[in-house]
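Engineer: sequence below, structure please.
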Amino acid sequence: MLTPRWVWVLLLVLAAIPIGFAVGAWIGARFLIPADAGLVGGAMLFWYGVLGMVLALVAGIIAIRGLGPSPLKLLALVAAGLAVVLLALVGLRINQQQVQPDAHRQLPTARIADESTVVSAEIDTGLPPACWPSPQMLYFGAPPPELAERVHLARVSDHEAEEIVVHNPDTTRPGPWRAALDVPLSDGDVLRVLLDGVTGPIQPREFGSSLVYLRVPWGRTTFSDLLLDRKAGAIIGHEQVIDGTDAWHQARESCALPELADDASCDCAISSQPWPRPRAQAHRNSTLGLLLLPGLFGPGETGGVVATTPIRALAVYSAPDGGLDSMRQIEDFRELHWREYAYEAGAAVVTGRQGDWLRIELADGSNGWVRPGPAEQFLSLAELYAGTMTHLVRTWSGRLWRQDRGGWYADPSGHVGETAVEVVATETIGDTLWLEVVIPEIPPCGGGRQQSARGWIPAWDENGELNVWFYSRGC
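Structural biologist: Sure thing, here's the model as predicted:
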C-alpha cells in the first residue's frame, strides 16, 4: 500500500515529464534550432524536448531526496497544476488545427463543380457572347467559397529572403497539384501563399515595391486574380476571372445556324446597350507634353541627365504675357519638374497652353508660364508616343473602349498593371484626348506571349493622371 509521501513523489514525477518536455522543446525552438533546419528541425525539436524531460526528472529526484513532507506536497501540487495547464493548451492547439488546417501541412484539395457549369453561370458583361468583338476575360468580383478555400497564407520567419520565390508543380506527374509563392515582406518575414488544386504554373508580377499580382489557374477557363500587399502582409484583392473564349466561339458558331438567326442572344442590335463614355479629361496639373530646353538640359547619353554648358537662363512668368516685374530666371533644370523624353535627355513637364505660352510645373509645386523660342520645342503627347515604346501605367483601369452603332462600350482587356502597348491613333473628342492602342501578343521587351487586345482609352484617367507613358531608355 502506498504511503502519502509516495503519492506526492509519484505525482511530482508524472508532472515533471510534460513540463520538462515542453520547456526543453521551447528552449530548443527559441534559441538552439537554426532557421534553415528544414525538416530536420522537427527531429531536433523532439530530442530537445526529451533532454528537457530528463533534466526535469533529475531535478525532481533531487527535490524528493531533499524536501520534507510539507514542501514536497506543495511542489507536487504546483507541478501537477502546471502540467494540466500545458496539456490543456496542447489539446486546444490540436483542436484548432483540425478546424482550420495549418498552412504548412498538406491540405486536401477543394473541388468545384464541373467547370462548364461555372463558365455558363450568370455571365453579364452588358453584351451576349455572340456580340463580343473578341474573346473576353470576365471579372466576377469576390470568388465563391470553393475557390477562396484553396488559398492559404502563413508567415515564415526568414530575414535573409530578398526575392520572390515561386514553387510551381511538376505537371508531368498525376494531380492534384499545389503551387506556392514566398513573398518577402517589409518587416523581414516571408508571406507564404499556398494554392491547392492549381492546373498549371503561376507567374507573379511586381508593381512597385509593395504590390504583387498573381493570376492562379484553377482550370482551363477559371482563374483567380490575387493582389498581395507586402507592407500589410496580406491579400488585399481576390477576384474570380473566367476566360470567355469558349463561350465566344460557341456563340458565334451557334448564331451562324439559320434556326438561331432570330434568337435574342444573337441579335446584337437589340440586346446591346451603349455605356456612357468616361468623362476623363486633363486637370490643371495634368501632363500635356514636354518642352525641350537646350539652354538648361545637356544632350542625352552622357551618363545621366546633365546641365548644358553654357547655361542660358529661362524666363518664367506668373501669367501669360506677364510683365518684367513677375519674371523669374531659372538657371538650373533641377528647379523644374522634368521627365526624360529620350535616353538620359530631360525636358520640362508642360501642364497648360494658352496661345504661344506654355505653363510648366516647377520643382516646388508652383507653376509658371514661358514663351518658347525657336530652339525650344514643345512635344505633345501624340508626338511623344509616336515611334516610342509606350506602356499602360500600372494604375489604368484594365478596360479598353470601342465605339459601335453610335455608342461606347467598355471591354475587359484581360490585363492589369503596367503593360506594353502601341499607340496607333489619337483623336480629340470633346475635351478628352483618346488613344487607340494595341496590346501585342508578343511584348517588345520579352516576357512570353500574352493576350492581345485593341481598343481606345482616354489619355488621362478621372484623376487627371496619364494612362500611357513610354520607356525613354528602351527595355
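
Engineer: which residues sit against stretch 223-243?
Structural biologist: Stretch 223-243 is contacted by residues 118-119, 123, 135, 137-144, 147-148, 151, 153, 155, 183-187, 189, 191, 193, 209-218, 220-222, 416 when judged by CB atoms under 8 Å, 6 or more residues apart in numbering. In short, each C-beta sits where N, CA and C put it, glycine included.

Engineer: now, those residues that are in strands?
Structural biologist: Using DSSP state E, the members of the contacts of stretch 223-243 that fall in strands are 137-139, 151, 153, 155, 183-184, 191, 193, 211-217, 222.

Engineer: list only those of the residues you listed flagged as buried.
Structural biologist: 137-139, 151, 183-184, 191, 193, 211-217, 222 (16 or more other CB atoms under 10 Å).

Engineer: which one of these is nearest Thr390?
Structural biologist: Distance ranking of these against Thr390, using CB to CB, places Tyr213 first at 20.4 Å.

Engineer: spatially, what comes nearest to that closest one if we skip its sequence neighbours?
Structural biologist: Arg205 (4.8 Å; CB to CB, 6 or more residues apart in numbering).

Engineer: give the buried residues for the helix or strand containing Val84.
Structural biologist: Val84 belongs to helix 69-99 when assigned by DSSP states H and E. Within helix 69-99, the residues scored as buried using 16+ other CB under 10 Å are Leu72, Lys73, Leu75, Ala76, Ala79, Ala80, Ala83, Leu86.

Engineer: for Leu288, phi and psi?
Structural biologist: Dihedral pair for Leu288: phi -100, psi -20, per degrees, to the nearest 10.

Engineer: does Lys231 count as helix, strand or coil?
Structural biologist: coil (DSSP: H, G, I helix; E, B strand; the rest coil).

Engineer: which of the buried ones among the ones in strands among the contacts of stretch 223-243 sit farthest apart?
Structural biologist: Leu138 and Pro184 (32.9 Å).

Engineer: quick check, pLDDT for Leu228.
Structural biologist: Leu228 is assigned a pLDDT of 88 by the prediction.

Engineer: tell me how many other residues crowd it.
Structural biologist: Number of residues near Leu228 (other CB atoms under 10 Å) recorded here: 25.

Engineer: cool, and Met44?
Structural biologist: A count of nearby residues for Met44, using other CB under 10 Å, gives 16.

Engineer: now do Ile64
Structural biologist: Ile64 - counted by other CB under 10 Å - has 17 other residues nearby.

Engineer: wait, Pro440 sits on Ala420?
Structural biologist: Yes. Between Pro440 and Ala420 a contact is recorded at 6.5 Å, counting by CB atoms under 8 Å.

Engineer: could you pull up phi and psi at Ala347?
Structural biologist: Phi and psi for Ala347, reported as degrees, to the nearest 10, are phi -150, psi 150.

Engineer: roughly how far apart are it and Gln329?
Structural biologist: Per CB to CB, to the nearest Å, Ala347 is found 19 Å from Gln329.

Engineer: where in this structure is the helix or strand with the lowest mean pLDDT?
Structural biologist: helix 115-119 (a mean of 31; mean pLDDT, DSSP states H and E).

Engineer: surely the residue nearest to Tyr213 meets Arg394?
Structural biologist: No. In this structure, Arg205 is not within contact of Arg394 by CB under 8 Å, at 9.6 Å.

Engineer: could you pull out the strands in the stretch 351-475 of the chain for me?
Structural biologist: Here the stretch 351-475 of the chain has its strands, by DSSP state E, counting those that start in this stretch, at 357-361, 367-370, 378-380, 390-392, 399-404, 407-412, 419-420, 422-429, 432-439, 453-458, 468-470.

Engineer: helices or strands next to the second one in the packing?
Structural biologist: The helices and strands touching strand 367-370, judged by 3 or more CB pairs under 8 Å, 6 or more residues apart in numbering; DSSP states H and E, are strand 314-316, strand 345-354, strand 357-361.

Engineer: give me the mean pLDDT for that strand.
Structural biologist: Mean pLDDT, strand 367-370: 90.

Engineer: got the CA positions of that strand in CSV?
Structural biologist: Only the C-alpha atoms of strand 367-370 are listed here, as CSV (Å, rounded to 0.1, in the frame of the first residue of the first chain):
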residue,chain,number,x,y,z
ASN,A,367,3.6,76.9,-61.9
GLY,A,368,5.0,79.4,-64.3
TRP,A,369,4.5,80.5,-67.9
VAL,A,370,7.1,80.5,-70.6
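
Engineer: separation between Ala345 and Leu290?
Structural biologist: The spacing between Ala345 and Leu290, counted by CB to CB, is 10 Å.

Engineer: please say which of these two ends up with more neighbours.
Structural biologist: More crowded of Ala345 and Leu290, by other CB under 10 Å: Leu290, with 23 against 18.

Engineer: who does whatever helix or strand that one lives in touch, helix- and strand-wise?
Structural biologist: Using DSSP H and E, Leu290 falls within strand 289-291. Applying 3+ CB pairs under 8 Å, 6+ apart, one finds that strand 289-291 contacts strand 345-354, strand 378-380, helix 381-385.

Engineer: please identify the buried residues of stretch 177-189?
Structural biologist: For stretch 177-189, by 16+ other CB under 10 Å, it's Trp177, Arg178, Ala179, Ala180, Leu181, Asp182, Val183, Pro184, Leu185, Asp189.

Engineer: can you check stretch 222-238 too?
Structural biologist: Buried, per 16+ other CB under 10 Å, within stretch 222-238: Thr222, Phe223, Ser224, Asp225, Leu226, Leu227, Leu228, Asp229, Arg230, Gly233, Ile235, His238.

Engineer: one step back: neighbour count winner among Pro440 and Ala420?
Structural biologist: Ala420 (21 against 15).

Engineer: who are the contact partners of that one?
Structural biologist: Met389, Thr390, His391, Ile439, Pro440, Pro443, Pro444, Cys445 are the contacts of Ala420 under CB under 8 Å, 6+ apart.

Engineer: for these, which one is nearest Val468?
Structural biologist: For the contacts of Ala420, the nearest to Val468 is Thr390 (5.5 Å; CB to CB).

Engineer: ok, the closest one to Ala425 distance?
Structural biologist: To Ala425, Thr390 is 13 Å away according to CB to CB.

Engineer: between the two, which has more neighbouring residues?
Structural biologist: Using other CB under 10 Å, the more surrounded residue of Thr390 and Ala425 is Thr390, with 19 against 11.

Engineer: tell me, how many residues neighbour Gln240?
Structural biologist: Gln240: 19 neighbours (other CB under 10 Å).

Engineer: send me the helix or strand hosting it as CSV with only the CA atoms.
Structural biologist: If you go by DSSP H and E, Gln240 is part of strand 234-243. Taking Å, rounded to 0.1, in the frame of the first residue of the first chain, the C-alpha atoms of strand 234-243 are listed here in CSV:
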residue,chain,number,x,y,z
ALA,A,234,-1.9,40.1,-46.6
ILE,A,235,-4.0,39.6,-49.8
ILE,A,236,-5.9,42.9,-50.4
GLY,A,237,-7.7,41.7,-53.5
HIS,A,238,-9.1,38.4,-54.7
GLU,A,239,-11.3,38.3,-57.8
GLN,A,240,-12.7,35.4,-59.8
VAL,A,241,-11.9,35.5,-63.5
ILE,A,242,-13.5,33.4,-66.3
ASP,A,243,-11.9,33.1,-69.7
